[in-house]
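Trainee: Structure for this input, please:
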Amino acid sequence: MPSKFKPTAIAAAAAVLVIAVVATGIVSRRSHADQLQRSTSERAIPTVALLTPAPAAADALELPARIEAWSRAPIYARVSGYLQKWNVDIGTPVKAGQTLAIIETPDQDQQLLQAKAELATARSNLVLAKSTAERWQDLLEAKAVSNQEVDERVGDYAAKKSNVEALQANVQRLSTLQRYSRLVAPFDGVVTARNTDVGNLISVGGAAGSELFVVSDLRKLRVYVNVPQRQLARIQPGSKAQITVPERPGQEFTATVQSLAQAISASSGTMLVQLAVDNQDGALVPGAFANARFDSAGASDAVSVPPGSLIVGKNGVQVATVDGSSKVRLQPVTIARDLGNAVQLAGLAPGVRVIANPPDGVANGDPVRVAK
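Mentor: Model prediction:
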């Protein structure tokens, strides 16, 4: 039986089928390529988290401090001898002029007696020399003696007079030194050191550590703080600070800045600042270590961001912000203060959107996707 289909028809149908299969494969492959390209493009756009910089909060500057007496007077010996007795011990309040101790000075007493005896002898010789000079001047008027002899007698009188004046000055010196056998308080205060005892040999001297007593005025104290150069702008005469000491937890003492050294120490990079604190109740003691806290508001144009938001490179310090079209804009900033877990910046508006952790190589105009 002859076939109903011709060979040409079968070939045409096969060709159509092949073309359909090829076209389907091309369309499918192109669809997959477009989808892959779109996926790759989407993955090339980084997803970032944003934060809004907060205004810099008020902060405090805390520094170690040293407390000293407002007035401190080491009492040294001006005469040599032995300590006869002392009247006050450490911690004793004293008044100005009050006797602290008495030094027995046998050698100086004998020197004073000897000086007085020499003065008495010199005065007797002076009286004789005066009367002799006067008699010889009378004889000169009578032409009984020569001018040379009279001049010798007058010169002898002048020499003895000068000797009397010298001996008188020596007696006054020894008498003045004898008054220093009594050690007295120079002002109202408290005895904070006693480094002698009855019978001790006392020598004249003013070397450090050889003082017999130390009297300190504790009604008002000085507080010394070394302030870093970066923080000096916030410290001015009249500024207030809160002083705390470890032996009185929870208690604060208000101190006032009195003066600044007006010079930076080359070794530490700090300036010495002196404060005054009232101590009428005696709660603070000189020589103690303390903490000084200077309360100060943050800069009005400063904002605070985490340290991870900063980009540090050849262009300085920058932050990456995101505009309304989700494009990156790099903005230079200045670090006002590093607090460790936060950085205060100047030159950044509070309302901008900042990338919390900018990706490596981010540049101006790069698109980003904001994380929900």
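Trainee: Please tell me how far the residue nearest to the spatial centre of the chain sits from residue 240.
Mentor: Nearest to the geometric centre of the chain sits residue 226, at 1.0 Å (C-alpha atoms, centre = their mean). The gap separating residue 226 from residue 240 is 18 Å, by C-beta to C-beta, to the nearest Å. For every residue, glycine as well, the C-beta is placed using N, CA and C.
Trainee: and residue 263, how many neighbours does it have?
Mentor: 8 (other C-beta atoms under 10 Å).
Trainee: one step back: the residue nearest to the centre of the chain touches residue 272, doesn't it?
Mentor: Yes. Here residue 226 lies in contact with residue 272, judged by C-beta atoms under 8 Å, at a distance of 6.0 Å.
Trainee: Next up, identify which helix or strand residue 303 is on.
Mentor: Remark: residue 303 resides in strand 302-305, with elements defined by DSSP states H and E.
Trainee: If you count contacts, what does the one helix or strand residue 158 maps to end up packed against?
Mentor: Element membership of residue 158 [criterion: DSSP H and E] is helix 147-179. When contacts are defined as 3 or more C-beta pairs under 8 Å, 6 or more residues apart in numbering; DSSP states H and E, helix 147-179 packs onto helix 106-141.
Trainee: Give me the buried positions along the helix it packs on.
Mentor: Across helix 106-141, burial judged by 16 or more other C-beta atoms under 10 Å covers 108, 111-112, 115-116, 118-119, 122, 125-126, 129-130, 133, 136, 140.
Trainee: Just give the number of residues close to residue 211.
Mentor: By the criterion of other C-beta under 10 Å, residue 211 has 19 neighbours.
Trainee: Could you do the one 10 residues further on as well?
Mentor: Around residue 221 sit 24 other residues, with neighbours defined as other C-beta under 10 Å.
Trainee: Number the chain from 450, please
Mentor: Got it, first residue is 450 now, which makes that one residue 670.
Trainee: Would you verify that it is located in a strand?
Mentor: Yes. Judged by DSSP: H, G, I helix; E, B strand; the rest coil, residue 670 forms part of a strand.
Trainee: Isn't it up against residue 728?
Mentor: Yes. When contacts are counted by C-beta under 8 Å, residue 670 is listed as touching residue 728 (4.9 Å).
Trainee: list the contacts for residue 694?
Mentor: Residue 694 sits next to 516, 700, 733, 737-740 when contact means C-beta atoms under 8 Å, 6 or more residues apart in numbering.
Trainee: Recalculate using a threshold of 10 Å.
Mentor: 514, 516, 700-702, 732-734, 737-740 (C-beta atoms under 10 Å, 6 or more residues apart in numbering).
Trainee: Mind giving me the PyMOL select for these, buried ones only?
Mentor: Filtering those down to the buried ones (16+ other C-beta under 10 Å) takes a single PyMOL command:
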select buried, resi 514+516+702+733+734+737+739+740
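Trainee: Closest to residue 524 out of the contacts of residue 694?
Mentor: residue 734 (19.6 Å; C-beta to C-beta).
Trainee: any shared contact partners between residue 675 and residue 721?
Mentor: Joint contacts of residue 675 and residue 721 (C-beta under 10 Å, 6+ apart) are 710, 714.
Trainee: sorry, back to before: may I have the strands that pair with the strand holding residue 752, each with its orientation?
Mentor: Strand 751-754 sits in its sheet next to strand 503-504 (antiparallel), strand 792-795 (antiparallel), going by DSSP bridges.
Trainee: If anything else comes up later, I'll come back, but that's it for now.
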